[in-house]
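> pasting the structure only:
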């Protein structure tokens, strides 16, 4: 698809450049005046009319009509310039039809891949191929409204929500990403994608081995999908045939203790203030406050993190800190400017009711294990 777009752009720019050079009035005004004088004596008026109609059609994007009219005008007049322009437009029209045929073939292949995946029980991957078909379709809205596409979208929504409810974050993230692609105007899918992606990032940082185990399981199904839609592609080496590189991977593993060791509360405060003042788009203290609290809530509700932070497994401590977050979220949502900045200062302060003090008294007390 990318290759087709590059070729389309190159062809379009080439034709446009040729026509612009040929018709810049300041450059060719004298020549056109001479041509007009000659044509007034030798060419019938009908040829000039056909020529004008051809140029109007080309400028309006009607290349088939413009090319046909240029052919007619050039053959009747024998004008070398018209003959040259007709060769340009004819070559471009040929390329245009070639690109269109390639795109239609790719569309047919993508639709066939969707049906093939559904038939073989790979529903989680079918929507991703449907988004490819939508990009290649002549009418994106009409494609989206096709009954089989609507059925696939509705089924994918159900499965994404089931994955989310069962905390299968990676599977949910993949489906919400596809939903956000096929329905880019939907704020719901973007918000859902942001939430589950945040959880996947938490797992990747704090319990990378657990996430890798999930990814390894998914890679097996992904290889099956590739074998179905690209049967000539050689399968990747399986885990049993690859050399044991566990020691090598451990050498390059990023320890989250090292990543976060030099981050302190004043840095967070300065960064938030700077974002409100200097970010390229409008950022509010209320938005930052709510976003930060929701990020902490994601930590509290993402199972698996208790392996790194044992305090999360203590129900009493967990519930106490969750109650604290709920209270702050309610306060933040009800806040109106200019109180937002004051609330942010209170939350990040060193007081006994501040975030750090409450953390220390609940889930994070003796929670962080030292790196091994």
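Received it, and whenever you're ready, just let me know what you need. Quick caveat: nothing in here was measured; it's all calculated off a predicted structure.
> which residues touch residue 176?
160, 189, 192-193, 196 (C-beta atoms under 8 Å, 6 or more residues apart in numbering). Where C-beta positions appear, they are placed from N, C-alpha and C, glycine not excepted.
> C-terminal to the helix or strand it falls within, what's the next element?
Using DSSP states H and E, the secondary-structure element containing residue 176 is helix 169-182. Tracing the chain past helix 169-182, the next element assigned as helix or strand by DSSP H and E is helix 187-206.
> got the contact list for the next helix or strand after that following helix?
The helix or strand immediately downstream of helix 187-206 is helix 208-229, counting by DSSP H and E. With contact meaning C-beta under 8 Å, 6+ apart, helix 208-229 is reached by 113, 116-117, 120, 122, 124-125, 129, 170-171, 200, 203-204, 233, 235-236, 239, 253, 304, 307.
> re earlier: quick one, the helix holding residue 176 and helix 208-229 angle?
Comparing the axes of helix 169-182 and helix 208-229 via axes from the mean of the first three to the mean of the last three C-alpha atoms, to 10 degrees yields an angle of 50 degrees.
> what about residue 267, how many neighbours?
Under the neighbour criterion other C-beta atoms under 10 Å, residue 267 is assigned a count of 10.
> and it, how far from residue 273?
According to C-beta to C-beta, to the nearest Å, residue 267 stands 11 Å off from residue 273.
> for residue 305, same thing?
29 Å.
> how about the residue nearest to residue 85 when sequence neighbours are not counted, secondary structure?
What sits nearest to residue 85 in space, not counting adjacent residues and going by C-beta to C-beta, 6 or more residues apart in numbering, is residue 70, at 5.9 Å. Of the three states, residue 70 takes helix under DSSP: H, G, I helix; E, B strand; the rest coil.
> for residue 70, which residues are in contact?
Residue 70 is in contact with 51, 54, 58, 82, 85-86, 89, counting by C-beta under 8 Å, 6+ apart.
> for the helix or strand containing residue 111, buried residues please.
Using DSSP H and E, residue 111 maps to helix 80-119. Within helix 80-119, the residues that count as buried by 16 or more other C-beta atoms under 10 Å are 82, 85-86, 88-89, 92-93, 95-96, 99, 102-103, 106-107, 110-111, 113-114, 117-118.
> in whichever helix or strand comes after it, what's buried?
Toward the C-terminal end, the helix or strand that comes next after helix 80-119 (DSSP H and E) is helix 123-136. Applying a neighbour-count criterion of 16+ other C-beta under 10 Å, one finds 124-136 buried in helix 123-136.
> quick one: contacts of helix 123-136?
Residues contacting helix 123-136 (C-beta under 8 Å, 6+ apart): 1, 103-104, 106-107, 110-111, 113-114, 117-118, 140, 143-144, 149, 152-153, 155-156, 159, 171, 174-175, 178-179, 181-182, 221-222, 225, 229.
> and for stretch 49-67?
19, 23, 69-70, 72-73, 76-77, 82, 86, 89-90, 92-93, 96.
> could you rerun that using 7 Å?
Residues outside stretch 49-67 that contact it (C-beta atoms under 7 Å, 6 or more residues apart in numbering) are 19, 69-70, 72-73, 82, 89-90, 92-93, 96.
> okay if I get these as JSON lines plus pLDDT and distance to residue 211?
Output for these, formatted as JSON lines (pLDDT from 0 to 100; distance: C-beta to C-beta, whole Å):
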{"residue": "19", "pLDDT": "47", "distance to residue 211": "55"}
{"residue": "69", "pLDDT": "82", "distance to residue 211": "62"}
{"residue": "70", "pLDDT": "77", "distance to residue 211": "61"}
{"residue": "72", "pLDDT": "80", "distance to residue 211": "66"}
{"residue": "73", "pLDDT": "80", "distance to residue 211": "66"}
{"residue": "82", "pLDDT": "76", "distance to residue 211": "65"}
{"residue": "89", "pLDDT": "77", "distance to residue 211": "55"}
{"residue": "90", "pLDDT": "78", "distance to residue 211": "56"}
{"residue": "92", "pLDDT": "80", "distance to residue 211": "50"}
{"residue": "93", "pLDDT": "78", "distance to residue 211": "52"}
{"residue": "96", "pLDDT": "81", "distance to residue 211": "47"}
